[in-house]
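Enquirer: quick one: sequence and predicted model below, then my questions.
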Amino acid sequence: AAESVRWADMKYIFDYYMSAVNDVDAVTGLSLYMLAAVGPTSDIESVYNLLKKYPADPTLDIKRWARTRDVDSRLPLCTAAAESVRWVDMEHIFDNHMPAIYEVDPQTGLSLYMPAAVGPTSDIESVYNLLRENPGSLTVHTDPK
């Protein structure tokens, strides 16, 4: 988790060492969920699946994780929007840190619905719900002319 391994590899590890999911890193004092969320190569799918599949203390861990910025100053909701995560998965992140909807993506300077709308894998339901939850984001980038 400290190296933010992709979920396919991490799942294999946890299938054989499930008791490790409740461990806390001795150096940092962070849970495995937090370790998987931090770093330049953090994998949103790994964190989400760790919390979903192995909920040691899901309320505390997911709320803490949803408020944790990565090294690029992105909150998990920003990362999920940029990676075009489906709303059914993104909603869990949103529900645990609703104020993140007002964030502007520090990497792109765009409101969250914008990076969610770009690309061949964008999820229209994510875009719709991000706009529904923060309709004011439409006015942030309008040209006054």
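Expert: That came through fine.
Enquirer: which pLDDT value goes with Ala100?
Expert: According to the predicted model, the pLDDT of Ala100 comes to 92.
Enquirer: just Tyr33 next, same as before
Expert: Value for Tyr33, per-residue pLDDT: 57.
Enquirer: same question, the one 5 residues further on
Expert: Per-residue pLDDT puts Val38 at 61.
Enquirer: for the protein, give me the ranges with low pLDDT.
Expert: Where the chain drops to pLDDT under 70, the residues are 1-43, 46-47, 50-61, 140-145.
Enquirer: which stretches in it count as helices?
Expert: Per DSSP state H, the chain carries helices over the ranges 7-16, 32-37, 44-53, 58-66, 76-82, 87-96, 113-117, 124-133, 137-140.
Enquirer: helices or strands up against the shortest one?
Expert: Contacts of helix 137-140 with other secondary structure elements, assessed using 3 or more Cβ pairs under 8 Å, 6 or more residues apart in numbering; DSSP states H and E, are made with helix 124-133. In short, each C-beta sits where N, CA and C put it, glycine included.
Enquirer: using CSV, write out every CA atom in the helix it packs on.
Expert: Extracted as CSV, the C-alpha positions of helix 124-133 are listed here (Å, rounded to 0.1, in the frame of the first residue of the first chain):
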residue,chain,number,x,y,z
ILE,A,124,-22.2,11.3,-17.9
GLU,A,125,-23.8,10.4,-14.6
SER,A,126,-20.7,11.7,-12.7
VAL,A,127,-20.7,15.0,-14.7
TYR,A,128,-24.4,15.4,-14.1
ASN,A,129,-24.2,14.8,-10.4
LEU,A,130,-21.1,17.0,-9.9
LEU,A,131,-23.1,19.8,-11.6
ARG,A,132,-26.2,19.0,-9.7
GLU,A,133,-24.3,19.2,-6.4
